[in-house]
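[1] One predicted model, sequence on top.
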Amino acid sequence: MGFSNGGEFDDVLNDAYVSARVTIGNAYETLAKVGTNPLEGRETITITNVGNKTVYFGPSGFSSSNATDGEPLRRKQTVTISAGYSVGIYLRCANNNSTDVIIQEWA
């Protein structure tokens, strides 16, 4: 049995990569994305909390009173999620705080 390496693999991300620093507050939920819209064809998103306050992530529906209903992402923690560009991942800080995150999207 032979093995052929053609150079293109379905499981390799090779179309696009974007990254940005975003400030997250608690006045409203923030869609995790770089730029105006999520990266077209996105397969993976990484969120790193680079601020000094905890940020929470989860589906749409956060409000000022339930920010902690999401999953916490504490200072210097990172989460990587396999999620297409049509999947909404939202961020919010609690207790009238704000913090910065680095968002990276791969397609």
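    Sure, I can see it. Numbering: from 1, shown residues only.

[2] And residue 55, how close does it get to residue 33?
    Separation of residue 55 from residue 33 (Cβ to Cβ, to the nearest Å): 15 Å. The way it works is simple: take the backbone N, C-alpha and C, and place the C-beta from them, glycine included.

[3] List the contacts of residue 90.
    29-32, 57-62, 70 (Cβ atoms under 8 Å, 6 or more residues apart in numbering).

[4] go with 7 Å
    29-32, 57-60, 62 (Cβ atoms under 7 Å, 6 or more residues apart in numbering).

[5] Just name the closest of those residues to residue 99, please.
    residue 30 (11.1 Å; Cβ to Cβ).

[6] Nearest residue to that closest one in space, please, no chain neighbours.
    residue 91 (4.8 Å; Cβ to Cβ, 6 or more residues apart in numbering).

[7] so who does the one you found touch?
    24, 29-30, 32, 55, 57, 101.

[8] Then residue 73?
    Residue 73 sits next to 47, 49, 54-57, 79 when contact means Cβ under 7 Å, 6+ apart.

[9] so how far is residue 40 from it?
    25 Å.

[10] Just list the residues touching residue 85, thanks.
    38-42.

[11] again with residue 70
    Residues near residue 70 by Cβ under 7 Å, 6+ apart: 56-58, 62, 92.

[12] same thing but 8 Å
    Residue 70 touches 56-58, 62, 90, 92, counting by Cβ under 8 Å, 6+ apart.

[13] Looking at these, state which has the most neighbours.
    residue 92 (25 neighbours; other Cβ atoms under 10 Å).

[14] I am finished for the moment; much appreciated.
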